[in-house]
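J.: predicted coordinates and the sequence they were generated for:
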Protein chains: 2
Amino acid sequence: MKFDDGNMKWKILRSEKLIERPWMNVRRDSVELPNGKVYDEYYVLHYPTWVNVIAITKDGKFLLERQYRHGLGIVSTEICAGCAEEGENPLTAAKRELLEETGYAGGTWTELMVVAPNAGSNDNLSYCFLAEGVTPISEQHLDETEDINVFLCSREEVYKMLVEGEFKQAMMVAPLWKYFANHRF
Amino acid sequence: MKFDDGNMKWKILRSEKLIERPWMNVRRDSVELPNGKVYDEYYVLHYPTWVNVIAITKDGKFLLERQYRHGLGIVSTEICAGCAEEGENPLTAAKRELLEETGYAGGTWTELMVVAPNAGSNDNLSYCFLAEGVTPISEQHLDETEDINVFLCSREEVYKMLVEGEFKQAMMVAPLWKYFANHRF
């Protein structure tokens, strides 16, 4: 679809770094809107590219994870996810994260979707992959602050959990629903 | 599904407000992990409850919006979305946002899903509704920084855009795919 948006883009008048820490990187922009109004504090969160993967083993089981998420203060049911490193392409990052978090690798990988975690506040994208036919090749190798329980689920169980709202992360719920829209029962 | 997570929850040792502005509210926690490790700076973004709605008119057209999103610096194709006000329940907020942004109201409303914009970094949830049979009852009433072009699309057009990745916001892509998984062609 073609859109005739006219001029909707904002102009950045000033931009300053507010916080620059490994997991929190915020800039404050002073912006001019197309109608001429100036908005003096618009905050943008800078993050690396994010990746996640719906990984399915050779015998059709889905690799899932349970992990504590401090923002909401809940233990969350998820698919494998992580951050791309500087200069690393999203597919390579997703394969690395899957291996680190679960010890699984291989199979056939396709890009399911690219979504914005939040196009208003964040400057990054999240790449979602489907990996079919993965097999275990090593142990888990977790970062210091990672504490991830990996488990296998049947396709029926995953679908039931999805319908019941067991998965919370929007960036994961989106590719899971796309998967089940395209791989119907 | 029942999970035996053992003890995965983190303990907050200290918590301080770092920034407290209308659109950027950050706290820094010092946390102790179950393995005893202390992580001295974990940042949590505080936001209000967010809402969005797949709104379909009486004659089956989808209400969509084009809007500039400064985080990514793009003009984005979206469904109607906004923030709940203090004490406002999500359904009321979604109906108010639809009326303000598009002038449409009425119809039959159901909750499609509740997702976490980011369970790791954010403390809020996003409620996604389906509104079927809405009708125009007034003009748009936008906030100062809102510049929203509303347009109508057929079901087929929306599905095509979804498949082609035209919708970027994960919190919107998730309910759209659920809708099309449940309302098949």
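T.: That came in fine, so what should we check first? Numbers count the residues shown, from 1 in each chain, chains lettered A, B, ... in the order given.
J.: in three-state terms, how would the closest residue to residue A:128 other than its chain neighbours be classified?
T.: Using Cβ to Cβ, 6 or more residues apart in numbering or on different chains and skipping residues adjacent in sequence, the residue nearest residue A:128 is residue A:175, 3.8 Å away. In this view, the C-beta of every residue, glycine as well, is placed from N, C-alpha and C. Residue A:175 falls in the helix class when you classify it by DSSP: H, G, I helix; E, B strand; the rest coil.
J.: show me how chain A divides into domains.
T.: Per the record, chain A has its domains at A:11-45, A:50-182, by automatic domain parsing.
J.: what are the contacting residues of stretch A:52-62?
T.: Stretch A:52-62 is contacted from outside by A:63, A:79-82, A:94, A:97-98, A:102, A:104, A:107, A:109, A:112, A:126-135, A:152-155, A:157-158, A:171-172, A:175-176, A:179, using Cβ atoms under 8 Å, 6 or more residues apart in numbering or on different chains.
J.: list buried residues within those.
T.: Among those, those buried by neighbour count (16 or more other Cβ atoms under 10 Å in any protein chain shown) are A:63, A:79-82, A:94, A:97-98, A:102, A:104, A:107, A:109, A:112, A:126-131, A:134, A:153, A:158, A:171-172, A:175-176, A:179.
J.: so where do the strands sit in chain A?
T.: A:11-21, A:24-32, A:38-45, A:50-57, A:62-69, A:74-78, A:80-83, A:104-105, A:108-115, A:126-136, A:148-153 (DSSP state E).
J.: out of those strands, deepest packed?
T.: Highest mean neighbour count among the strands of chain A (mean count of other Cβ atoms under 10 Å in any protein chain shown): strand A:50-57, with a mean of 25.
J.: pLDDT averaged over that strand - what is it?
T.: The pLDDT scores in strand A:50-57 average 98.
J.: now do the contacts for the closest residue in space to residue A:126 that isn't next to it in sequence.
T.: Distances taken as Cβ to Cβ, 6+ apart place residue A:50 nearest to residue A:126, at 4.1 Å, with adjacent residues excluded. The contact partners of residue A:50, by Cβ under 8 Å, 6+ apart, come to A:81-84, A:117, A:124-127, A:171.
J.: and for residue A:24?
T.: With Cβ under 8 Å, 6+ apart, residue A:24 has these contacts: A:45, B:26, B:28, B:41, B:43.
J.: the same query, at a cut-off of 10 Å, please.
T.: Contacts for residue A:24 (Cβ atoms under 10 Å, 6 or more residues apart in numbering or on different chains) come out as A:18, A:45-47, B:18-19, B:26, B:28, B:41-45, B:121.
J.: could you measure from the closest residue to residue A:162 other than its chain neighbours over to residue A:143?
T.: Leaving aside its sequence neighbours, residue A:162 sits nearest to residue A:176 (Cβ to Cβ, 6+ apart; 5.3 Å). Remark: distance between residue A:176 and residue A:143 (Cβ to Cβ, to the nearest Å) = 24 Å.
J.: for the record, mean pLDDT for stretch A:176-185?
T.: 92.
J.: and the contacts of that stretch?
T.: A:52, A:54, A:56, A:62, A:79, A:112-113, A:128, A:130, A:155-156, A:158-159, A:161-163, A:167, A:169, B:113, B:159, B:162-163, B:173-184.
J.: could you dump that stretch to CSV, C-alpha only?
T.: Extracted C-alpha coordinates of stretch A:176-185, given in CSV (Å, rounded to 0.1, in the frame of the first residue of the first chain):
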residue,chain,number,x,y,z
LEU,A,176,3.9,-17.2,17.9
TRP,A,177,0.4,-16.1,16.6
LYS,A,178,1.8,-15.7,13.1
TYR,A,179,3.2,-19.2,13.3
PHE,A,180,-0.1,-20.7,14.4
ALA,A,181,-2.0,-18.6,11.8
ASN,A,182,0.2,-20.2,9.1
HIS,A,183,0.4,-23.7,10.6
ARG,A,184,-3.1,-24.5,11.4
PHE,A,185,-4.4,-27.5,13.3
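J.: from the chain's centroid, how far away is it?
T.: 18 Å (Cα atoms, centre = their mean, to the nearest Å).
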